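Asks: Next input, structure requested:
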Amino acid sequence: MPVPVRKAIFPVGGLGTRFLPATKSMPKEMLTVVDKPLIQYAVEEARAAGIEEFIFVTGRGKTAIEDHFDHAVELQGMLTRRGKDDALELLNETIPEPGQFAYTRQLEPMGLGHAVWCARNFVGSEPVAVLLADDLILGEQGCLKQMIDAYNDVGGNMVAVMEVPNDQTSSYGIITPGEEDGRMIEVRGMVEKPDPEKAPSNYAVIGRYILQPKVFSDLARQEPGAGGEIQLTDALARQLGLQPFNGYLFEGRRFDCGNKVGFLEANIAFALDRPDMKDAVSKILNNYV
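Replies: Modelled structure (predicted):
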């Protein structure tokens, strides 16, 4: 039986330059899809998957994330006095148990691998999940829950994958697939952002990972990869053959909220998925298309 996954890392140190000027004074992870910030969706997905400890790798200007997951005494008091119990419950759901959340800083923007490595002392010798809030997934069951259920059978390292058009492989980490068993795909190789003519498949890695602690030893080498950054994909690729390594073809729709069009699409899709908004939003859309 594999060691259970109890911890999750949330790399939230990026500057969010694609969303300027909105992100000049607000973390991109606090951009809202309908009525929740992106980071709250990620935390709720992790919690639904059984995660008990939440580790945020932050940077300058990210204190709004810490404040979001903290008590708002004046606001909570006002809601209590006015009997707004539903709104108060929504607030209380964002507040973790004492000691559940930890924060550390990535002092330089040196890539995803470096951000994950910055959390090493909180992880210790356990496996850990990594969730990128930019990748928002809409489905009946959370992506990480699907992955952990599969991981409990096979162990090792695991990445979430989806099929992308061949001409988009240069935007993703791409796996070399081996044997396939249902939604499980053996990973025999990985390459970061290959040109379409050099891509080994169209199975793209998206922002959900389950990592074994040996990955941190590899990340400690601090070797730059694509874009001059320390790539998590490269460290994972060097783990091939040392332990099981699988991709999981998750169920659900993924939205790239790291760009404006993907973010807008996510807002529409999540609004249409809500019974209290679906009809009204459909009418609005009919006015424009």
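Asks: Helix or strand next in line after the host helix or strand of I206, which one?
Replies: In the assignment (DSSP states H and E), I206 maps to strand 203-211. Sequence-wise, the next helix or strand downstream of strand 203-211 (DSSP H and E) is helix 214-219.
Asks: just the strands in the stretch 101-250 of the chain please.
Replies: 101-105, 128-131, 135-138, 157-163, 173-181, 184-192, 203-211, 245-249 (DSSP state E, counting those that start in this stretch).
Asks: Rebuild those as a markdown table, extending it with mean pLDDT.
Replies: As requested, the strands of the stretch 101-250 of the chain are exported to a markdown table (pLDDT from 0 to 100):
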| stretch | mean pLDDT |
| --- | --- |
| strand 101-105 | 94 |
| strand 128-131 | 98 |
| strand 135-138 | 96 |
| strand 157-163 | 96 |
| strand 173-181 | 92 |
| strand 184-192 | 92 |
| strand 203-211 | 95 |
| strand 245-249 | 96 |
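Asks: highest average neighbour count across these?
Replies: Greatest average neighbour count among the strands of the stretch 101-250 of the chain goes to strand 128-131 (a mean of 26), per mean count of other Cβ atoms under 10 Å. Every residue, glycine included, has its C-beta placed from N, CA and C.
Asks: Just checking: what are the partner strands of that one?
Replies: strand 7-11 (parallel), strand 203-211 (antiparallel) (DSSP bridges).
Asks: Quick one, which of the ones you listed gets closest to R105.
Replies: Distance to R105, taken as Cβ to Cβ, is lowest for strand 7-11 among these, at 11.4 Å.
Asks: show me what contacts M26?
Replies: A64 (Cβ atoms under 8 Å, 6 or more residues apart in numbering).
Asks: Tell me how far it lies from E45.
Replies: 22 Å (Cβ to Cβ, to the nearest Å).
Asks: do the same with G14
Replies: Using Cβ to Cβ, G14 is found at 19 Å from E45.
Asks: where does this protein have low pLDDT?
Replies: Within the chain, the stretches with pLDDT under 70 are 226.
Asks: what about the helices in it?
Replies: 38-48, 63-68, 73-81, 85-92, 112-117, 120-123, 143-154, 214-219, 232-237, 260-272, 278-286 (DSSP state H).
Asks: how far does stretch 20-40 sit from the chain's center?
Replies: 14 Å (Cα atoms, centre = their mean, to the nearest Å).
Asks: Could you pull out the buried residues of that stretch?
Replies: T23, M26, P27, K28, E29, M30, L31, V33, P37, L38, I39, Q40 (16 or more other Cβ atoms under 10 Å).
Asks: ok, now stretch 90-108?
Replies: Residues of stretch 90-108 classed as buried by neighbour count (16+ other Cβ under 10 Å): T94, F101, Y103, T104, Q106.
Asks: For it, C-alpha coordinates in CSV please.
Replies: Coordinates of each C-alpha in stretch 90-108 appear next as CSV, following Å, rounded to 0.1, in the frame of the first residue of the first chain:
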residue,chain,number,x,y,z
LEU,A,90,-19.7,30.8,3.2
LEU,A,91,-17.0,32.8,5.0
ASN,A,92,-16.5,30.1,7.7
GLU,A,93,-15.9,27.5,5.0
THR,A,94,-12.8,29.3,3.9
ILE,A,95,-11.1,29.2,7.3
PRO,A,96,-8.8,26.2,8.0
GLU,A,97,-8.2,24.4,11.2
PRO,A,98,-5.3,25.9,13.2
GLY,A,99,-2.0,24.8,11.8
GLN,A,100,-3.4,23.4,8.6
PHE,A,101,-2.0,26.1,6.3
ALA,A,102,1.7,27.0,6.0
TYR,A,103,3.3,29.7,3.9
THR,A,104,6.8,30.1,2.5
ARG,A,105,8.3,32.5,0.0
GLN,A,106,9.9,31.9,-3.4
LEU,A,107,12.4,34.8,-3.3
GLU,A,108,13.2,34.6,-7.0
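Asks: thinking again about what came up before, dump the buried residues of stretch 90-108 into JSON lines; add distance to L131 as well.
Replies: Formatted as JSON lines, these follow (distance: Cβ to Cβ, whole Å):
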{"residue": "T94", "distance to L131": "16"}
{"residue": "F101", "distance to L131": "14"}
{"residue": "Y103", "distance to L131": "15"}
{"residue": "T104", "distance to L131": "16"}
{"residue": "Q106", "distance to L131": "16"}
